[in-house]
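Visitor: here is my input, please return the structure:
(chains A and B)
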Amino acid sequence: DAKTTQPPSMDCAEGRAANLPCNHSTISGNEYVYWYRQIHSQGPQYIIHGLKNNETNEMASLIITEDRKSSTLILPHATLRDTAVYYCIVRPYNNQGGKLIFGQGTELSVKP
Amino acid sequence: DAGITQSPRHKVTETGTPVTLRCHQTENHRYMYWYRQDPGHGLRLIHYSYGVKDTDKGEVSDGYSVSRSKTEDFLLTLESATSSQTSVYFCAISEGAGFETDTQYFGPGTRLTVL
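Guide: Residues are numbered from 1 along each chain as shown, chains lettered A, B, ... in the order given. Next up is the predicted model:
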């Protein structure tokens, strides 16, 4: 599985956009980029995933560079409830029984 | 949120006793997973199931067994609990394992303490 690199922590002002970067320079052509977050003491929550096109859903936007070596998760209007650890994960599709490898993630603190 | 419940949510037990954790889903998803989360190790896969009575080992399966007799329930058993199995246990489900069906959704977790 490809490795990912994320900054250990970031701050964001409430109401502003939070841009969380992820480097995955060894990603393979059959690997997706997934983002999850984990709020303290809760189970990981799926946010979004993509292969090579930018994706948007009700929670966030995912911007993947053309060479697919990095991506950015964007929370357009961060709230205090978005304070969590955010994990960027790469994994192949058609990965029967494949585990998700959670790295250290980025601890996002949204401040008033 | 995916319909996943775990029971119990908290448990304290003693070394050597058997423990069973239950994961229940209402999504009729085929795949179910058990992970454990420990400081410094992230989430690690223990076992997973790809259908009723079909299970396989993950990366940290020693000391654990699983069973799946119904689509909706996946049980994790610690036959003889040890202190090293003190952890937070998460269940996850996915619709399938193929293209666009393998997104995993997690339950709320069970905090297990083995004294």
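
Visitor: and residue 33, what does it touch?
Guide: I went with chain A, as the question did not name one. Contacts of A:Val33 were listed using CB atoms under 8 Å, 6 or more residues apart in numbering or on different chains, and they are A:22, A:24, A:27, A:49-51, A:62, A:64, A:68, A:71, A:88-90. To be clear about C-beta, it is placed using only N, CA and C from the backbone, and glycine gets the same treatment.

Visitor: switch to chain B, please.
Guide: A:99, B:45, B:47-49, B:58, B:91-94, B:104.

Visitor: could I get those as CSV with neighbour count?
Guide: Putting the contacts of B:Tyr33 into CSV (neighbours: other CB atoms under 10 Å in any protein chain shown) gives the following:
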residue, neighbour count
A:Lys99, 19
B:Leu45, 21
B:His47, 22
B:Tyr48, 27
B:Ser49, 24
B:Gly58, 18
B:Cys91, 26
B:Ala92, 28
B:Ile93, 25
B:Ser94, 24
B:Gln104, 26
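
Visitor: go through the contacts of A:Val33 and name the one nearest B:Ser84.
Guide: A:Ile89 (25.8 Å; CB to CB).

Visitor: roughly how far does the closest residue in space to B:Pro18 that isn't next to it in sequence sit from chain A?
Guide: Closest residue to B:Pro18 apart from its sequence neighbours, by CB to CB, 6 or more residues apart in numbering or on different chains: B:Glu79 at 5.7 Å. If you measure B:Glu79 against chain A using CB to the nearest CB, to the nearest Å, the figure is 23 Å.

Visitor: and for B:Glu79, the neighbour number?
Guide: Neighbours of B:Glu79 under the rule other CB atoms under 10 Å in any protein chain shown: 12.

Visitor: pLDDT at it, what is it?
Guide: We have a pLDDT of 93 for B:Glu79.

Visitor: and for B:Asp1?
Guide: Here, the pLDDT recorded for B:Asp1 equals 56.

Visitor: same check, this time on B:His41
Guide: 78.

Visitor: again, but for A:Ile101
Guide: Reported pLDDT at A:Ile101 in the predicted model: 79.

Visitor: who are the contact partners of the residue lying closest to A:Leu75 once chain neighbours are set aside?
Guide: Distances taken as CB to CB, 6+ apart place A:Ala18 nearest to A:Leu75, at 4.2 Å, with adjacent residues excluded. By CB under 8 Å, 6+ apart, A:Ala18 lies in contact with A:10, A:12, A:73-75, A:78, A:82, A:108, A:110.

Visitor: most neighbours among those, which one?
Guide: Ranked by neighbour count (other CB under 10 Å), the contacts of A:Ala18 have A:Leu73 at the top, with 25 neighbours.

Visitor: low-confidence ranges in chain A?
Guide: Scanning chain A for pLDDT under 70 picks out A:1-2, A:93-98.

Visitor: name the SS class of the residue most central in space within it, please.
Guide: Compute the mean C-alpha point of chain A, and by CA atoms, centre = their mean the closest residue is A:Trp35, 3.3 Å away. At A:Trp35 the chain is in strand, as set by DSSP: H, G, I helix; E, B strand; the rest coil.

Visitor: now it: how far from A:Thr79?
Guide: The gap separating A:Trp35 from A:Thr79 is 17 Å, by CB to CB, to the nearest Å.
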